[in-house]
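1. Have a look at this prediction, sequence included:
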Amino acid sequence: MKISREDTPDRQVALHIEVDEDRLDDYMRRASQRVSQRVSIPGFRKGKAPRAIVERFAGRDYLLDQALEALVPTLVGEAIEEQGLDPVGLPQVIVREREPVVKVDAIIALSPEVKLGDYASIRFDDEPEAVTDSDVRESLEQLRNSQATWEPVERALESGDLATITLQGHVAGKPLLDLNDVEFLTGEENAIPAPGFSEELVGMQIGETREFTLALAEDYPARDMAGKDAKFSVTVNGLKQKNLPPVDDDLAKSLAGDSDTLEELQAHIRRMLESRSEEALNQSLQQRILDVMVDDADIRMAPVLVKQETQRTLRERREALERDNLNLERYIHATGMTVDQYVSQLETEVSRRLRQTLVMDELAEAENVEVTDGEVSAEIEKLSLPGQEETDFSSDAARDAVRRALMRRGALDRALKLARQEKSPIWTPADAGRQTGRQTESKQVITMET
């Protein structure tokens, strides 16, 4: 086996391999034996036909395919070991020539190298959005609505009523809707099934039928009907009006919590809104800090890593759509892009995501972020609560993935404290100001996302 090697600055190695004739012949012989065991060749028992007969029967190209299927992975593995490489993920392998000499190219991705910029100098002085009395009143009104009751009424329909209706709709003679005794919450904010539909119902009596025409929205899900006129026929079968409780101490007591008075409830709402505002700011700042760090970092990552992760993401999206009986190509067409444009956009997203992951891992390493087994178990318990996506966390790999996610979260928390110039007992100016450069573990590059 002859090997030549090309190294690139982006942590990628190309190995060019030429296969010895004797070794190829040995694998061709093995392939002939396997084929003769599987197929029936006239005049010979299975496994007993000579190689020359098998080659004439199956064809040399087919035997060569079978031989290379077994030989190429072995060759590439041996070449990687001989060159002392520590690859990330699977090599990208191409059989460049088949005759007269088999030549194989293998693109090997090495562990990415990351050198952080001066992240200690990043500063943000943004403040959380102030909570106003109007915000408190709006939240209080939402709580009040959650305690509302619905009472049947005998009168003309008013905006905000809950109507039970029978509905038919057509577009150019084609059926659009055919619903019987469905509840419909009226109101100007409800633009379903078409803008202005609720307004057309105002004033209708129980038992009354009304017909009218409205234009469907331009973004209507059925694209062949979007923006077109639809004819509707609606019959009101029943009406209910909303009864809201008064805003007083009884409302406060009726809600789960420790509030016994309206004043206490309002104070609780304000604290909750302030906490949400602070959390929203922190999340926004963390993303902005990460964006700055990625742009400032010197990252050397093999392009083949991005392509492999793009293909993996594409497969996952295809499988997810197929579970819902949808087609990826049709989905892409609906976005207005070609498949090539979609894949190119996805590759850009994947590259950015991998770079973010690398930067967070490097930051966690630089700041000695540690996660205890207890913290991992607590996070798994949260992720296993009802309503969360069902995942098996029993394997060491799954626990390790949770640990890395927590380390990245901790790294961003520390970066946030520094950017907002908050004191942190687990950071020192000397530690925060240093720059680092190292190779990143391969398993942390592909499997984790933020």
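-> Sure thing, it's come through. Numbers count the residues shown, from 1 in each chain.
2. Which residue ranges of the stretch 301-450 of the chain form strands?
-> Using DSSP state E, counting those that start in this stretch, the strands of the stretch 301-450 of the chain run over 437-439.
3. And for the stretch 1-150 of the chain?
-> 2-8, 12-18, 92-97, 103-109, 113-115, 149-152.
4. and the ones you listed as JSON lines, adding mean neighbour count, distance to residue 190 and mean pLDDT?
-> Using the backbone N, CA and C atoms, a C-beta is placed for each residue, glycine as well. Shown next, in JSON lines, are those (neighbours: other C-beta atoms under 10 Å; distance: least, C-beta to C-beta, whole Å; pLDDT from 0 to 100):
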{"stretch": "strand 2-8", "mean neighbour count": "12", "distance to residue 190": "58", "mean pLDDT": "93"}
{"stretch": "strand 12-18", "mean neighbour count": "18", "distance to residue 190": "55", "mean pLDDT": "95"}
{"stretch": "strand 92-97", "mean neighbour count": "14", "distance to residue 190": "53", "mean pLDDT": "94"}
{"stretch": "strand 103-109", "mean neighbour count": "21", "distance to residue 190": "52", "mean pLDDT": "95"}
{"stretch": "strand 113-115", "mean neighbour count": "19", "distance to residue 190": "50", "mean pLDDT": "96"}
{"stretch": "strand 149-152", "mean neighbour count": "11", "distance to residue 190": "16", "mean pLDDT": "96"}
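5. Mind checking those for the one nearest to residue 350?
-> strand 103-109 (13.9 Å; C-beta to C-beta).
6. Need the CA coordinates for the closest one. PDB is fine.
-> Taking C-alpha atoms only, strand 103-109 is exported to PDB below (Å, rounded to 0.1, in the frame of the first residue of the first chain):
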ATOM      1  CA  LYS A 103      -6.600   4.500  -6.000                       C
ATOM      2  CA  VAL A 104      -8.500   5.700  -3.000                       C
ATOM      3  CA  ASP A 105      -8.800   9.200  -1.500                       C
ATOM      4  CA  ALA A 106      -9.700   9.700   2.100                       C
ATOM      5  CA  ILE A 107     -10.500  13.100   3.700                       C
ATOM      6  CA  ILE A 108      -9.700  13.000   7.400                       C
ATOM      7  CA  ALA A 109     -11.100  15.600   9.800                       C
END
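7. Does anything pack onto it? Which helices or strands?
-> Judged by 3 or more C-beta pairs under 8 Å, 6 or more residues apart in numbering; DSSP states H and E, strand 103-109 is in contact with strand 12-18, helix 60-82, strand 92-97, helix 303-323.
8. Please repeat the previous calculation with a cut-off of 6 Å.
-> Strand 103-109 sits against strand 12-18, strand 92-97, helix 303-323, with contacts defined as 3 or more C-beta pairs under 6 Å, 6 or more residues apart in numbering; DSSP states H and E.
9. got the angle for that strand vs strand 2-8?
-> Counting by axes from the mean of the first three to the mean of the last three C-alpha atoms, to 10 degrees, strand 103-109 lies at 40 degrees to strand 2-8.
10. next one: strand 103-109 to chain centre, how far?
-> Mean-position distance between strand 103-109 and its chain equals 30 Å (C-alpha atoms, centre = their mean, to the nearest Å).
11. Name every strand pairing with that strand and say which way it goes.
-> Note on strand 103-109: by DSSP bridges, its sheet partners are strand 12-18 (antiparallel), strand 92-97 (antiparallel).
12. and the direction of it versus that of helix 60-82, what angle?
-> 40 degrees.
13. so strand 103-109 versus helix 303-323, what angle?
-> Going by the same axes, to 10 degrees, strand 103-109 makes 90 degrees with helix 303-323.
14. buried sites along stretch 177-191?
-> The neighbour-count check on stretch 177-191 (16 or more other C-beta atoms under 10 Å) flags 184, 186 as buried.
15. circling back to that earlier point, now the strands paired with strand 103-109 as CSV including distance to residue 241?
-> Formatted as CSV, these follow (distance: least, C-beta to C-beta, whole Å):
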stretch, distance to residue 241
strand 12-18, 69
strand 92-97, 66
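16. and residue 357, which of those is closest to it?
-> Evaluated over the strands paired with strand 103-109, closeness to residue 357 peaks at strand 12-18, with 18.3 Å, by C-beta to C-beta.
17. Can you name the residues in contact with that closest one?
-> Under the criterion C-beta atoms under 6 Å, 6 or more residues apart in numbering, residues 2-7, 75, 79, 101, 103-109, 302 lie in contact with strand 12-18.
18. Now do the helices for this structure: every range, in order, please.
-> For the chain, the helices defined by DSSP state H occupy 21-38, 51-58, 60-82, 133-146, 197-201, 249-254, 262-296, 303-323, 328-334, 339-366, 373-383, 396-419, 429-433, 443-446.
19. And the strands paired with strand 103-109: which comes nearest residue 269?
-> Residue 269 sits nearest to strand 12-18 of all the strands paired with strand 103-109, at 55.5 Å, using C-beta to C-beta.
20. thinking again about what came up before, wait, which of the strands of the stretch 1-150 of the chain is closest to residue 220?
-> Closest of the strands of the stretch 1-150 of the chain to residue 220 is strand 149-152, at 29.4 Å (criterion: C-beta to C-beta).
21. Which residues does the closest one contact?
-> Residues outside strand 149-152 that contact it (C-beta under 6 Å, 6+ apart): 162, 240, 241, 243.
22. Among these, which one lies nearest to residue 251?
-> residue 243 (13.1 Å).
23. So in terms of bridging, what pairs with the closest one?
-> residue 149.
24. For the closest residue in space to residue 68 that isn't next to it in sequence, give the beta-bridge partners.
-> Nearest non-adjacent residue to residue 68, counting by C-beta to C-beta, 6 or more residues apart in numbering: residue 95, 6.2 Å away. Beta-bridge pairing for residue 95 (DSSP bridges): residue 104.
25. end-to-end on stretch 36-56?
-> Start-to-end span of stretch 36-56 (C-alpha to C-alpha, to the nearest Å) is 12 Å.
26. Distance from the chain centre to that stretch, please.
-> Stretch 36-56 sits 51 Å away from the centroid of its parent chain (C-alpha atoms, centre = their mean).
27. Out of the helices of the chain, which gets the lowest mean score?
-> Mean pLDDT is lowest for helix 443-446 among the helices of the chain, at a mean of 30.
28. per-domain residue ranges of the protein.
-> Using automatic domain parsing, the domain parsing of the chain gives 2-110, 149-243, 276-295+303-446.
29. mind checking which of those domains is nearest residue 131?
-> Closest approach to residue 131 among those (C-beta to C-beta): domain 276-295+303-446, 6.2 Å.
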